[in-house]
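[1] please work out how this folds:
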Amino acid sequence: MSWTDERVELLKKMWGEGQSASQIAKELGGVTRNAVIGKVHRLGLSNRTTGAKSGGEAKEKPAAKAAPKPKPQPKTEPARPVTPEPATTAEAKPPVPARKQIIPAGQPLPPQPSANEISPEALAKVNEIEKKAKKLTLMELTERTCKWPVGDPATDDFWFCGLPVQQGKPYCEAHVGVAFQPMSTRRDRKR
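    Residues are numbered from 1 along each chain as shown. A predicted model of the protein is given here:
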């Protein structure tokens, strides 16, 4: 079925008379209600009052619903709490909160073991390895490259290590030493 000029004119006429999309589809034949609705929207005809069967009924309903407007109440301002004036000395200034790193939604958090659990040797090894890193982008990573994130993902100087991974792990040897810590003896005793 194609929309010929005659069918489009009939659709416009019936839509203007307030007939439903189902009624128009039935009259035209060979089209569905949804096809009629789609054509109405493409033609920009969708701006009519809804539920109007005839012009007389639609005009009477709004008049019947009209009610006298209530008188506006005078506005009163809510009471404001009294707050003491802040002192102007340096002691009265609130402490500046530490800036937190914001990681966008959907971004994985880098492993964050506490500093006291990581050996100084492992940290030194990571610092040396990151100097030799390939500094790959996300699109350059493969299953054989270290996926350890370095930097803030929201900046241009964010990169991944990219060195060869340790067998069965997502990171190189140095980053595996930081990411995967042995279980503490306390946790071992509970098992």
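[2] so after the lowest-mean-pLDDT helix or strand in the chain, what's the next helix or strand?
    With mean pLDDT, DSSP states H and E as the measure, the helix or strand of the chain carrying the lowest mean pLDDT is helix 55-65 (a mean of 47). Following the chain from helix 55-65 toward its C-terminal end, the next helix or strand by DSSP states H and E is helix 120-132.
[3] what is the rounded mean pLDDT of the helix or strand following that next one?
    Using DSSP H and E, the next helix or strand after helix 120-132 towards the C-terminus is strand 149-150. Regarding strand 149-150, the rounded mean pLDDT is 90.
[4] can you start the count at 391 instead of 1 from here on
    Yep, numbering from 391; the last one is strand 539-540 now.
[5] give me the contact list for the helix or strand just after strand 539-540.
    Secondary structure here is assigned by DSSP H and E; on that basis, the next helix or strand after strand 539-540 toward the C-terminus is strand 549-550. Applying CB atoms under 8 Å, 6 or more residues apart in numbering, the external contacts of strand 549-550 come out as 523, 525-528, 530-531, 535-541. From N, CA and C alone the C-beta is placed, and that goes for glycine too.
[6] ok, so of those residues, who is nearest Ser436?
    Checking those against Ser436 with CB to CB, the nearest one is Leu528 at 44.1 Å.
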